[in-house]
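1. Sequence plus predicted model, see below.
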Amino acid sequence: MKTLFIHADFIEYEARKKTKLAEEISDSQKHNRVEEVLVAFISFETRDEGKEEAAAKALVTNIEEIVGKVEAERIVLYPYAHLSSSLANASSSIKILHLAEDILKEAGHEVYASPFGWYKSFNISCKGHPLSELSREITADDEAAEDSDLSDAVKAEEKMKSQWFVLDVEGNEHSLELDAKKNKVKGYDFADNINLKKFCQYEMAKSRISKQEPPHIELMRRLELVDYEPGSDPGNFRYYPKGKLIKNLLERFVNDEVKRTGGMEIESPIMYDFEHPSLKSYMNRFPARQYTIQTPDKKVFLRFAACFGQFLMMHDATVSYKNLPLRLYELSRYSFRVEQRGELAGLRRLRAFTMPDCHSFCADLPQAKEEIEDRFELSRTVLNDIGYDIPDGLEFAIRVTKEFYDENKDFVMGLVKRWNRPALVEMWNERFFYFVFKYEWNFVDCLDKASALNTDQIDVENAERYGITYVGSDGEKHYPLILHQSTSGAIERLIYSLLEKASMDSQQGIKAQLPFWLAPTQIRLLPVKEEFIDECLAIAEKLPGRVDVDDRDISVGKMIRYAEKEWVPLIIVYGDKEKESGQFMVRVRGAEEIALDIDALAVLIDEKQGKMPFEPLPLAQKLSRRITFRG
RNA sequence: GCCACCGUAGCUUAGACCGGUUGAGCGGCUGAUUUGUAAUCAGCAGGUCGGGAGUUCAAAUCUCUCCGGUGGCUCCA
């Protein structure tokens, strides 16, 4: 069926005249006025015939979800033939209509069904907020036709029940549930934690309403950072010079930090043999959508994480308990996952992404816990230095088996205390995944969608699968616990979240910008006249940072406009006044203009750059020499 | 993968419902102007209307299909 939902202040309708298909109604049903209402205009279609019950249920599911979102008090079901050209017969339609009405009534909603098969006049007052109008196509789920190709693992996962609660800093568990209206999470007072609420809803609620495209997509293209590549496969992007610079800097910073804190960087192949015994067992355990490639001799798959190479390496290594814990690290460029088409979302979810993947091999659980705490602090430093507010800018999630939680509650609480804000906990009765415990820090974007940045997991399964052992003090071989951490999350995802953050700022009237160390141009000099171009170039030589010069024959106003549109953090107009006084009026993005001489300016630049990695300008220093990659 | 929507110049877009020579702004180029804090003026070039097939005397427009994108579902080891 096709539906149109209107969230209205009121709807008023009157049945005027019967059509051939009209249902019998009493006079009192002919006219009605309902206020604070969600009106569902519905066209029942031929494909709903014979599946009336399922269709009614599907309709109810959609209605309840939307009612929950828009907080409507009442519901009107309004049969409306004009949304479809293949209408169901009248008896089917009437049956679905009243079945849905009954189900909604039983669930405690105030529901009205307007008469079927009558010409009706109506008056409606649409509220006009973003979710107040939406259309949906609803299909009756044919439950018998469930996909039988699903592996047992996927089926088991479906059966696995999650228990959700908020664990606060005092150690109280606030059990969460979705209420009847589906999209509302109850059980915790989120008053001071709007983002935690959004995150919980995102994680627990099955569906959501959003019509917009995420803002980072327009930004990544307009700023000439990253773009789609229609000549590749979906989710494989092209990076323009400015985007490549940002990606390089982020990669370098994460690499440096992981290595500085004991991670041994290695490199492993991106493709692997399906027939290798360890890999075969792993692939069966976690049926994934991977790229497959035919080599001249065999069929291989592209890695979806750096685990494979590191585990195969460790299988061959000789390790004593005295060497533990040890950290292997690779920045996998790329990891490949063939996400379904509809799951791809700009830089948030890709088919090829760059993942810092650091595995810690630990002798036992106490050692693993210490490692996790240590790496927790590493991630905090890394993300904080990159430019995130921690903990306020991210949401803490813990996923854990009941057994691990009960036996290690102090440890779990310890992490929540370190974070110093409440965490969302998802607890499973049985272990399904290879890990018994994992945590994530999630970024909540402009459209209330969450995605994980840092994550760390305790893997109790793969040491055995890959035959990774160490020799203990007892002279016997043992399987280590393996921790999987992505210190910062995928590099692409950092770019996504930095752009989304900038976009949120600009919605609140704060000028959008990237952290200074990532700004492709950090300082731009604008010569007032052509004769000052060479002097500007000379000044650029004396300054630290990425300095460029707008040497084009255009007005100063236009130069400023360009620089602002590029989010250049420091803009300086240079002409006679500056030459004489030696003082520059520096336009500082998002702050007051300040007067500085060249030495003070250099100090300011160094301060803003701090200890973060640096690379020179990714484009010609003279703007006249640059090409346009995109509009 | 399923459902819906979208694809016209490098970019933003008008034209599509109702078939009849694709029109503009920005950007680019050329020239004029020599300019002090968010768009100087004029001219020129730029289009397989995402690709292919079909219907038609005639297709950007209608139909089918493929590719690409967005949203929802599903998924996110």
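-> Nice, I can see it.

2. alpha carbons only for contacts and neighbour counts from here, please
-> Fine.

3. any weak-confidence spans in the stretch 451-600 of chain A?
-> Under the criterion pLDDT under 70, no range of the stretch 451-600 of chain A is flagged.

4. same question, chain A
-> In chain A (pLDDT under 70), the answer is A:85-86, A:128-131, A:140-160, A:180-183, A:206-210, A:285-288.

5. now with 50?
-> Chain A contains residues with pLDDT under 50 at A:142-152, A:154-155, A:158.

6. and it, what are its domains?
-> Domain assignment for chain A by automatic domain parsing gives A:2-145, A:178-265+A:318-498, A:516-625.

7. The closest residue to RNA strand B within the stretch 301-450 of chain A: neighbour count?
-> Residue of the stretch 301-450 of chain A nearest RNA strand B, by Cα to the nearest atom of the strand: A:Gly342 (3.2 Å). Per other Cα atoms under 10 Å, the neighbour tally for A:Gly342 reads 6.

8. cool, and A:Asp406?
-> Number of residues near A:Asp406 (other Cα under 10 Å) recorded here: 11.

9. That one and A:Met314: what is the separation?
-> In this view, A:Asp406 and A:Met314 are 31 Å apart by Cα to Cα, to the nearest Å.

10. A:Glu607 now?
-> In terms of Cα to Cα, A:Glu607 sits 42 Å off from A:Met314.

11. more neighbours, those two?
-> A:Met314 (19 against 10).

12. How about the contacts made by that one?
-> A:Ile468 (Cα atoms under 8 Å, 6 or more residues apart in numbering).

13. what helix or strand is it on?
-> Using DSSP states H and E, A:Met314 falls within helix A:307-316.

14. what is the residue in the stretch 1-150 of chain A that RNA strand B sits nearest to paired to in the beta sheet?
-> Per Cα to the nearest atom of the strand, A:Glu137 is where the stretch 1-150 of chain A lies closest to RNA strand B, at 4.6 Å. For A:Glu137, the beta-bridge assignment (DSSP bridges) gives partners A:Lys2.

15. That one: neighbour count?
-> Applying other Cα under 10 Å, I find that A:Glu137 has 12 neighbouring residues.

16. surely it meets A:Phe41?
-> No: using Cα atoms under 8 Å, A:Glu137 makes no contact with A:Phe41, being 11.5 Å away.

17. List the buried residues in the helix holding A:Met314.
-> A:Cys307, A:Phe308, A:Gly309, A:Gln310, A:Phe311, A:Leu312, A:Met314, A:His315 (16 or more other Cα atoms under 10 Å).

18. For the stretch 101-250 of chain A, just list every one of the helices.
-> A:152-159, A:194-204, A:215-222, A:241-260 (DSSP state H, counting those that start in this stretch).

19. what's the answer for the stretch 451-600 of chain A, then?
-> Counting by DSSP H, counting those that start in this stretch, the stretch 451-600 of chain A has helices at residues A:462-466, A:491-507, A:533-542, A:556-565, A:576-581, A:598-609.

20. Of these, flag the one that's most buried.
-> Neighbour counts (mean count of other Cα atoms under 10 Å) averaged over each of those peak at helix A:491-507, with a mean of 21.

21. hmm, back to that, want to try CSV for the helices of the stretch 101-250 of chain A, with mean neighbour count and distance to RNA strand B as columns?
-> As requested, the helices of the stretch 101-250 of chain A are arranged in CSV below (neighbours: other Cα atoms under 10 Å; distance: least, Cα to the nearest atom of the strand, whole Å):
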stretch, mean neighbour count, distance to RNA strand B
helix A:152-159, 12, 6
helix A:194-204, 20, 6
helix A:215-222, 18, 7
helix A:241-260, 19, 15
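
22. Report the contact partners of the residue of the stretch 1-150 of chain A closest to RNA strand B.
-> Applying Cα under 8 Å, 6+ apart, the residues near A:Glu137 are A:Met1, A:Lys2, A:Thr3.
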